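Engineer: when you get a sec, could you give me coordinates for this:
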Amino acid sequence: MRSSALLDVKPGPWVTQYPIDVVLNAPLKFAYSWCTDFSPLDSKLEKGNYTRWILEKTSARIVFEDLAKTKTGWSWQRCIVTLNKPNRWRMEMIGNYRDVIAHYKLIPLGTNRTRLELRYKVRQTLRIAPMLTRTKRCQRNMQMWQKFSKALERDYSKMHAHEK
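Structural biologist: Down below sits the predicted model:
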C-alpha cells in the first residue's frame, strides 16, 4: 500500500481553454436531445473501456460516474451536467486524475445542420498520470466528437427514414 505522502495530490493549475467545433448533420432540437441523453451505453460509442452509472437524471441536471481500469490504477470521475435548454449545457467533472469544466453550445446552421461549440479547461489532480499536451488532448477529443457526430447522424437518419 502506498503512503499518501508519496502521492502529489495538490491539484495543478487550470490549463488554457480548449476549443472543439463540430458540424452535426441534424437539426438543433434532435442534436440537443441526443447530446444530453447520457447513458451507460456511451462507452460503446467511444469504444471506451469504462463503466458508467447514472446517479441522477432530471430535466435540469444529470449526474453520472465513470470508472475505468488504467495502467496506473483506477480512473474515477463524477460529472454534473447542468442543462440549459434549448441549446446549452455545462459539465463539471471531478476525478482522481483530472478535473474538467466544459461549456457546450449548439448553433443552428439552417434546418438540418447544427454546429457544436465546446470550450473546456482541464487541471490535473493526481500527478501519476501523464498530462496530455494541448495538441494531443485536442486531437483525442476531436476524434471522440467525430465518432459521436457519426453516431448522432446515423440515429437521425434512422429516425427520419421511419417518418417517411
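Engineer: residue boundaries of the helices in the chain?
Structural biologist: For the chain, the helices defined by DSSP state H occupy 28-35, 42-46, 134-163.
Engineer: go through those helices and name the closest to Ile20.
Structural biologist: Among those, the nearest to Ile20 by Cβ to Cβ is helix 134-163 (5.5 Å). Yep, even glycine has a C-beta here, placed from its N, CA and C like the rest.
Engineer: count the residues that sit near the nearest residue to Ala68 once chain neighbours are set aside.
Structural biologist: Distances taken as Cβ to Cβ, 6 or more residues apart in numbering place Tyr50 nearest to Ala68, at 3.7 Å, with adjacent residues excluded. Tyr50: 17 surrounding residues under other Cβ atoms under 10 Å.
Engineer: before we move on, back to that, can I get the helices of the chain in CSV including mean pLDDT and distance to Leu116?
Structural biologist: Listed next are these as CSV, based on pLDDT from 0 to 100; distance: least, Cβ to Cβ, whole Å:
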stretch, mean pLDDT, distance to Leu116
helix 28-35, 96, 7
helix 42-46, 79, 15
helix 134-163, 83, 7
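Engineer: which of these sits most buried?
Structural biologist: helix 28-35 (a mean of 18; mean count of other Cβ atoms under 10 Å).
Engineer: any idea how far it is from the chain center?
Structural biologist: Mean-position distance between helix 28-35 and its chain equals 15 Å (Cα atoms, centre = their mean, to the nearest Å).
Engineer: also stretch 14-29?
Structural biologist: On Cα atoms, centre = their mean, the centre of stretch 14-29 falls 10 Å from the chain's centre.
Engineer: give the buried residues for it.
Structural biologist: Val15, Tyr18, Ile20, Val22, Leu24, Ala26, Pro27, Leu28 (16 or more other Cβ atoms under 10 Å).
Engineer: coming back round to it: quick check, the residue nearest to Ala68 in contact with Ser75.
Structural biologist: Yes: assessed by Cβ atoms under 8 Å, Tyr50 is found in contact with Ser75 at 7.4 Å.
Engineer: who's in contact with the lowest-mean-pLDDT helix or strand in the chain?
Structural biologist: For the chain, using mean pLDDT, DSSP states H and E, the weakest element among its helices and strands is helix 42-46, scoring a mean of 79. With Cβ atoms under 8 Å, 6 or more residues apart in numbering as the test, helix 42-46 has contacts from Gly48, Asn49, Tyr50, Thr51, Arg52, Asp66, Met144, Lys147, Phe148, Ala151.
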